[in-house]
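J.: Take this sequence and fold it.
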Amino acid sequence: MIDKTHMKNIGLSAPIEKLKGVSYKIVKPLKILGIHTIYDLLRHIPFRYDDFSKIVNIAELAPGETATIRAKIDKITNKRTWKKKIYITEAEVSDESGATKAVWFNQPFLIRNLKIGSLVNLAGKAVFNSGALYLQNPAYERIFESSTSEHTHTGGLVPIYRETAGITSRWIRFLVKNAIGQVARMEEILPQEIIKKHNLLPISSAILKIHFPENTDEVKEAKRRLAFEELLLIQLLILKARRKIKKSVAPPIAFDIEKTKKFVASLPFALTDSQRKAAWEILQDMSKNIPMNRLLEGDVGSGKTVVAAIAALNVASKGRQIAIMAPTEVLARQHFQTLSNMVAEFGFNVGLLTGNSAEIFDSEVKSEYKLKKQEFLNQLASGKLLIAVGTHALISEKVSFSSLGLIALDEQHRFGVNQRAELLQKYKTASGLMPHLLSMTATPIPRTLTLTLYGDLDVSLLNEMPKNRKNIITKIITPSERMSAYDFVRKEIQKGRQAFVICPRIDAPEDSKIKSEKAYQQELLKKEIKAVKEEYQKLSSEIFPDLKIAMLHGKMKPQEKERIMKEFKANRFNILVSTSVIEVGIDVPNAVLMLIEGAEHFGLAQLHQFRGRVGRGEHQSYCLLFAENSVLTNSRRLKALINCQNGFELAEKDLEIRGPGDFLGTRQSGLPDLTMAALTDKILIKEVREEALVLLKTDPELAKHPKLKKYLERFNAKIHFE
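T.: Predicted coordinates for the structure are as follows:
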């Protein structure tokens, strides 16, 4: 029962330590889950439910059935297996209809909790084995009152929560039961007219039903209400960021038709129609005095860099500066070299700034040279250097531009909505002008996600490949076909071609749950490096001892990575073994083979990214998907990759197969679980966006909705779209 006297003395904002049942041992695990207050606990939403609603007598139990029984404990014992050294707890239980057993593994403490003679609810799956029917690892609950009393862990839909080491769903349910009396104090942040119009539950009812539903209809109702609220907050944040930028003033960059025509004519290939359209949209945006805020979304190999170069050329022609940022030094250097070649004949120098070095490509002498960072920064500050490429080093405090006209962010998902807005604000010129912003991504994004997560950006699509580009032949390789696949790789290398080998994605370390995010990433990195070294060793000593093989991983110094990529590009290595660091942007036209180990562990979008690292030259290219066992070769994901070359179509399939949580990566996105689940609901997203637009049109500062405004600020502080 809920201790109402205790609950009167604490409020929703009270530290979680004040709640009855919270011992010092579980405070840290709760905080790892983001539960710092009573309010946070009630907002910790179940991600699924065990259906223990079917209540039967022991005599009615059937093999394979999940049900709840109420029985008396007649006997309970612990024993330890000799071979596997695991504890087995076995209880003999009975009711008026008969008797059965319940068996638990590695839970020896149950013998203290479940006393002989006590009445319990047991809920789980009935298993028939060795001629006997028993409940395997059932949930349990002591019964102290009449059969009509409410129960927490059995006898209905039982919520399962996101857990961490040191705290289980069972414990969270117990704490939520202690705190649920506080739901009446929850403030309603949604306007009443929206609640009525969309037939939404009040917030107190939604929280109560999400934790303790009577049936699945109540779960759906509660989820819809909470998802609507979260999506509305996201849309308000995005639309407010968009509005803020649209109110600013940018330097208008007039379209230089002659110079653009000359540039396009100098290219060794013809632009695709989608490249021409995207370039036109960007140039039209930049010609206005409102800051451009556009997303250039293109499939792998669709030619985003050329479009960005057209924009950069126009900005530089007007004497304004361009900052092009990439997430890694390898990719930043590749952009630097590509742009240097493209704009060389137009007389513009191009600079490269990373955490380790500063370089300039001199267009007059057509060569690169290194210089001191301070000298590089002086050239930026004075306006002498117009085109600068770099990593995050470009936004350090020491960097200042004289007249920044355009910021281009490659792989823009590394930057959140607020980060994009802050970046633009940071580089306002002395005259108060804000630069234009071009975000780029090689990861096709499903439409619902674009609308929800990148609604602050206008979108240009590159949805066609350059002409004469051959489709990449993709094959699933079973364990029995592995050696013949290696023979095929050898034959291609003998023709002078090269190969990438991607090591499998490493699952989260077992003990990562109790560590900080930084420690988690370090542990993951260690395991990935180990996988790369093992694969490198296997290929070098066993499979291809006569070939030149290199490896690449995240622990290497930037100079070492750069050296290896340069030598691989120059064909001094036949095979490059790597982690997924190779995924984005690397361009080696002579590499025609992409071997992906443990392919079933990757999402479709990521597999498509890997595949896009080959097929960039004149030779036929291949992507070989090595599955860990024959059964996995039938997975929907791998088959979809074989049947489809289009990244946009694959992204939609990936979202459908894995769901938004895995597609985006909850750990990286910071998005609430319910929002994740709602990201495929096109109707709900449309309804929410319309309401957000109306709210901001009638009440731009949300002055008439103070509770919503306050909650929005709180929500903004903890969420990030990355």
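J.: what about the helices in the stretch 151-300 of the chain?
T.: Assigned by DSSP state H, counting those that start in this stretch, the stretch 151-300 of the chain shows helices spanning 169-179, 192-197, 203-211, 216-246, 257-266, 273-286.
J.: could you dump these to TSV with distance to residue 331, mean neighbour count and mean pLDDT?
T.: (Glycine included, C-beta is placed from N, CA and C.) Shown next, in TSV, are the helices of the stretch 151-300 of the chain (distance: least, Cβ to Cβ, whole Å; neighbours: other Cβ atoms under 10 Å; pLDDT from 0 to 100):
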stretch	distance to residue 331	mean neighbour count	mean pLDDT
helix 169-179	42	20	92
helix 192-197	44	12	96
helix 203-211	43	20	95
helix 216-246	26	20	88
helix 257-266	23	13	93
helix 273-286	20	20	95
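J.: Any idea which of those gets closest to residue 17?
T.: Residue 17 lies closest to helix 169-179 among the helices of the stretch 151-300 of the chain, at 11.5 Å (Cβ to Cβ).
J.: List the buried residues in stretch 480-488.
T.: The neighbour-count check on stretch 480-488 (16 or more other Cβ atoms under 10 Å) flags 481, 485-486, 488 as buried.
J.: sorry, back to before: among the helices of the stretch 151-300 of the chain, which comes closest to residue 62?
T.: Among the helices of the stretch 151-300 of the chain, the nearest to residue 62 by Cβ to Cβ is helix 216-246 (21.8 Å).
J.: Packing partners of that closest one?
T.: Applying 3 or more Cβ pairs under 8 Å, 6 or more residues apart in numbering; DSSP states H and E, one finds that helix 216-246 contacts helix 203-211, strand 293-298, helix 417-426, helix 447-453, helix 673-678, helix 682-698, helix 706-718.
J.: number of nearby residues for the closest residue to residue 55 other than its chain neighbours?
T.: Closest residue to residue 55 apart from its sequence neighbours, by Cβ to Cβ, 6 or more residues apart in numbering: residue 68 at 4.8 Å. Neighbour count of residue 68, defined by other Cβ atoms under 10 Å: 24.
J.: now residue 68, what's its secondary structure?
T.: strand (DSSP: H, G, I helix; E, B strand; the rest coil).
J.: and the nearest residue to residue 305 once chain neighbours are set aside, what element?
T.: In space, and not counting its chain neighbours, residue 305 is closest to residue 338: 5.4 Å by Cβ to Cβ, 6+ apart. Counting by DSSP states H and E, the element that carries residue 338 is helix 329-343.
J.: ok, residues contacting that helix?
T.: Identification of contacts with helix 329-343 by Cβ atoms under 8 Å, 6 or more residues apart in numbering yields 263, 266-267, 305-306, 309, 312-313, 316, 324-326, 350-352, 354-356, 359, 361, 363, 368, 387, 389-391, 410-411, 558, 561-562, 565, 581, 584-587.
J.: Among the buried residues of stretch 480-488, name the ones in helices.
T.: Among the buried residues of stretch 480-488, DSSP state H puts 485-486, 488 in helices.
J.: returning to that earlier point: please convert the helices of the stretch 151-300 of the chain to a markdown table, extending it with distance to residue 601.
T.: What follows is the helices of the stretch 151-300 of the chain, written out as a markdown table (distance: least, Cβ to Cβ, whole Å):
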| stretch | distance to residue 601 |
| --- | --- |
| helix 169-179 | 26 |
| helix 192-197 | 42 |
| helix 203-211 | 32 |
| helix 216-246 | 29 |
| helix 257-266 | 42 |
| helix 273-286 | 32 |
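J.: what residues are up against the residue nearest to residue 200 when sequence neighbours are not counted?
T.: Closest residue to residue 200 apart from its sequence neighbours, by Cβ to Cβ, 6+ apart: residue 225 at 4.6 Å. Applying Cβ under 8 Å, 6+ apart to residue 225 gives the contacts 200-201, 203, 205-206.
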